[in-house]
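Novice: All I have is the shape, not the residue letters:
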Ligand SMILES: Cc1cc2nc3c(=O)[nH]c(=O)nc-3n(C[C@H](O)[C@H](O)[C@H](O)COP(=O)(O)OP(=O)(O)OC[C@H]3O[C@@H](n4cnc5c(N)ncnc54)[C@H](O)[C@@H]3O)c2cc1C
Ligand code: FES
């Protein structure tokens, strides 16, 4: 279900030194919307993308344009207070409207369709009346409804009406003309106001980092404030049609979404590095139970960054870098939050007022909302570091079955060894080049995953997800 490279035009590499008002780094949903908004405000914008435009998480999204982000209103009021909680909801509702206006005013054929979002509880699950009251308090279009037509019992659902779904590729394609874009141009560093790539550089008055995982570690401590979570999806044909989408009230539970003739079932959410090896298996068993007539047409997984308190970081990168701006930590709700980022950062750069900015401030810290996630992060980091020192070799290379991997010890050193389906062996260093945590094997995706900050690598060592900047070191497996 990912859209392909061909969905968007191709752009050259950066090979010169350019001057710009703003350099936007990262060509996903957040970077393209922000670059487009800045260009519409009359600024000269250069957009730099490491690989191909919208080839990151944006290519794998289910693109629900929704202000309902699970059961979140009661929690937000408790952790942030009513004023900031209302800012969050208003920003999301405004973003849904902005998508609708954008598609209509420019005649963009992105299949934008009005939908209802529903969060459901199991028969023995929690009563939703308090969440409903909090949602109404914050101005959300919330209703409690009975649910019929799902193949399993549900106690009740909290619905947000007037949400939307769309196809990201045609929307993004329509925003590209007039932007100065460079692909396959990874930004290696930012010094002062100069953004450096391998073949050239951009000197800009303002710089936006929209790389999903903030790429600069000198400022902002984002590696201490973000975790990455991976979810698995199946696309099913010949399943009974549902209306809009339904989410389990448990964030680690299922979700169902109708997209055209296809039903998307997702679930199996876990922190990166915590794969149990049976995520697709469990999802397929669920699909078989609920939709026995359905046919699987695609399966994929993707991951997103989550902040300590669940609200994205959008605003100044750090107090020490007033010309640097960031948009990160969308927590699988990056459609509306990318639009929030585009609007907020454009206002910030132009020195204008955006009424919902405070709740997104990257400088905020609400202890009650953040301590638990901080402790969990510290635990994962400690485990990742110590596992490297104390884990014994799991197996001999000869004992690794087809399609399996293991940590192998040879002359006192550890190697991550995978035997492919044809018997070929692939050996890499099982140590994350980001900050040295021990990598875990993800049997579902055949990747080496880092439990500390969520970098992931394929079995040949190629880096798939940041924050690691380098690939894993490869070794000759026949010598092990
Ligand atoms: C399974 C799943 C389902 C989802 N479904 C929904 C949904 O229904 N609704 C919703 O609102 N959200 C959803 N999301 C979340 C949403 O898709 C993401 O939050 C959003 O796409 C992220 O956009 P982005 O621009 O931040 O990141 P990306 O799309 O990953 O873009 C970041 C870009 O930065 C580039 N980059 C990185 N480093 C550099 C560098 N050094 N130099 C240059 N470029 C660089 C990358 O190559 C990439 O193209 C979902 C997420 C997942 C995982
Ligand atoms: S140590 Fe940070 S991602 Fe691996």
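Specialist: Nice, thanks for sending it over. No experiment lies behind these values; they were computed from the predicted model shown. Ligands and ions are numbered 1, 2, ... in the order given.
Novice: Please determine how far the nearest residue to residue 450 once chain neighbours are set aside is located from ligand 2.
Specialist: Spatial nearest neighbour of residue 450, chain neighbours left out: residue 432 (4.2 Å); criterion: CB to CB, 6 or more residues apart in numbering. Backbone N, C-alpha and C define where each C-beta goes, glycine included. In this structure, residue 432 and ligand 2 are 3 Å apart, going by CB to the nearest ligand atom, to the nearest Å.
Novice: so who does residue 432 touch?
Specialist: 384, 438, 439, 450, 452, 455, 468 (CB atoms under 8 Å, 6 or more residues apart in numbering).
Novice: So which of these belong to strands?
Specialist: Members of these lying in strands (criterion: DSSP state E): none.
Novice: Please list only the buried members of those.
Specialist: Using 16 or more other CB atoms under 10 Å as the burial test, the contacts of residue 432 include 384, 438, 439, 450, 452, 455, 468 as buried.
Novice: is it possible to export those residues to TSV including distance to residue 175?
Specialist: As requested, the buried ones among the contacts of residue 432 are exported to TSV (distance: CB to CB, whole Å):
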residue	distance to residue 175
384	39
438	41
439	37
450	33
452	35
455	30
468	30
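Novice: Do I have it right that residue 8 meets residue 54?
Specialist: Yes: counting by CB atoms under 8 Å, residue 54 is a contact partner of residue 8 at 6.0 Å.
Novice: For these two, indicate the residue with more neighbours.
Specialist: More neighbours surround residue 54 than the other of residue 8 and residue 54, with 26 against 23 (other CB atoms under 10 Å).
Novice: list the contacts for the more buried one?
Specialist: For residue 54, counting by CB under 8 Å, 6+ apart, the contacting residues are 3, 7, 8, 27, 28, 29, 32, 168, 169, 172.
Novice: between the contacts of residue 432, which is nearest residue 267?
Specialist: The nearest member of those to residue 267, counting by CB to CB, is residue 450 at 22.4 Å.
Novice: ok, that closest one - contacts?
Specialist: Taking CB under 8 Å, 6+ apart as the criterion, residue 450 is in contact with 272, 273, 384, 432, 434, 437, 439, 440, 456, 468.
Novice: Relative to residue 272, how far out is it?
Specialist: Between residue 450 and residue 272 the distance is 7 Å, computed by CB to CB, to the nearest Å.
Novice: what residues are shared contacts of those two?
Specialist: When contacts are counted by CB under 8 Å, 6+ apart, residue 450 and residue 272 are jointly contacted by residue 456.
Novice: restrict the contacts of residue 54 to contacts with ligand 1.
Specialist: When CB under 6 Å from any ligand atom is taken as the criterion, the members of those that contact ligand 1 are 27, 28, 29.
Novice: show me the contacts for the last one.
Specialist: When you say that, I think you mean residue 29. By CB under 8 Å, 6+ apart, the contact list for residue 29 reads 54, 58, 61, 168, 172, 334, 335, 338.
Novice: could you redo the last one with a cut-off of 6 Å?
Specialist: Contacts were defined as CB atoms under 6 Å, 6 or more residues apart in numbering; by that measure residue 29 touches 58, 334, 338.
Novice: Just give me the neighbour total for the first one.
Specialist: Counted with other CB under 10 Å, the burial measure for residue 58 works out to 26 neighbours.
Novice: Equivalent analysis for the last one, please.
Specialist: Applying the criterion other CB under 10 Å, we find 27 residues in the vicinity of residue 338.
Novice: which SSE is it in?
Specialist: In this structure, residue 338 is located in helix 334-350 according to DSSP states H and E.
Novice: Which positions in that helix come out as buried?
Specialist: Neighbour-count burial for helix 334-350, counted by 16+ other CB under 10 Å, picks out 334-349.
Novice: State the pair within those residues that is farthest apart.
Specialist: Greatest spatial distance in the buried residues of helix 334-350: 335 and 349, 22.0 Å, computed using CB to CB.
Novice: circling back to that earlier point, of the buried residues of helix 334-350, closest to ligand 2?
Specialist: Checking the buried residues of helix 334-350 against ligand 2 by CB to the nearest ligand atom gives residue 334 as the nearest, at 19.9 Å.
Novice: tell me the centre residue of the chain?
Specialist: residue 304 (2.3 Å; CA atoms, centre = their mean).
Novice: Among the contacts of residue 450, which ones are in helices?
Specialist: Cross-referencing these with the helices (criterion: DSSP state H) gives residue 384 as the overlap.
Novice: any idea which of the contacts of residue 450 is the one closest to residue 218?
Specialist: With CB to CB as the yardstick, the closest approach to residue 218 among the contacts of residue 450 comes from residue 434, at 14.6 Å.
Novice: so where's the stretch 301-450 of the chain shaky on pLDDT?
Specialist: Within the stretch 301-450 of the chain, the ranges that satisfy pLDDT under 70 run 387-395.
Novice: repeat that for 90
Specialist: Along the stretch 301-450 of the chain, the model assigns pLDDT under 90 to residues 366-399, 409-412.
Novice: Same check on the stretch 151-300 of the chain?
Specialist: By pLDDT under 90, the weakly predicted segments of the stretch 151-300 of the chain are 251-252, 273-277.
Novice: Just give the nearest non-adjacent residue to the residue of the stretch 301-450 of the chain found nearest ligand 1, would you?
Specialist: Across the stretch 301-450 of the chain, no residue is closer to ligand 1 than residue 334, which sits at 1.9 Å (CB to the nearest ligand atom). Here the nearest residue to residue 334 in space, its sequence neighbours aside, is residue 29; by CB to CB, 6+ apart that works out to 5.8 Å.
Novice: could you measure the one you found against residue 406, distance?
Specialist: Distance of residue 29 to residue 406, given as CB to CB: 38 Å.
Novice: what do you get for residue 30?
Specialist: For residue 30, the distance to residue 406 under the criterion CB to CB works out to 38 Å.
Novice: of the two, who's got more company?
Specialist: Neighbours per residue (other CB under 10 Å) separate residue 30 from residue 406, with residue 30 holding more: 33 against 19.
Novice: Where does that one sit, in terms of helix or strand?
Specialist: helix 29-40.
Novice: Pull out the buried residues from that helix.
Specialist: The neighbour-count criterion (16+ other CB under 10 Å) identifies 29, 30, 31, 32, 33, 34, 35, 36, 37, 38, 39 as the buried residues of helix 29-40.
Novice: Roughly how far does residue 8 sit from ligand 1?
Specialist: If you go by CB to the nearest ligand atom, the gap between residue 8 and ligand 1 works out to 11 Å.
Novice: show me what contacts that residue?
Specialist: In this structure, residue 8 makes contact with 53, 54, 173, judged by CB under 6 Å, 6+ apart.
Novice: ok so the first one is a strand residue?
Specialist: No: Residue 53 sits outside any strand when classified using DSSP: H, G, I helix; E, B strand; the rest coil, being coil.
Novice: thinking again about what came up before, which SS class is the spatially closest residue to the residue nearest to the centre of the chain that is not a sequence neighbour?
Specialist: Taking CB to CB, 6+ apart, and ignoring the residues beside it in sequence, residue 304 has residue 332 as its nearest neighbour in space, at 4.8 Å. Three states are possible here, and by three-state DSSP the one that applies to residue 332 is coil.
Novice: neighbours around residue 332, how many?
Specialist: Burial measure for residue 332: 23 neighbouring residues, criterion other CB under 10 Å.
Novice: Which parts of the stretch 251-400 of the chain are strands?
Specialist: Assigned strands in the stretch 251-400 of the chain, in chain order: 255-259, 262-271, 295-307, 313-316, 324-328 (criterion: DSSP state E, counting those that start in this stretch).
Novice: Great, nothing more from me.
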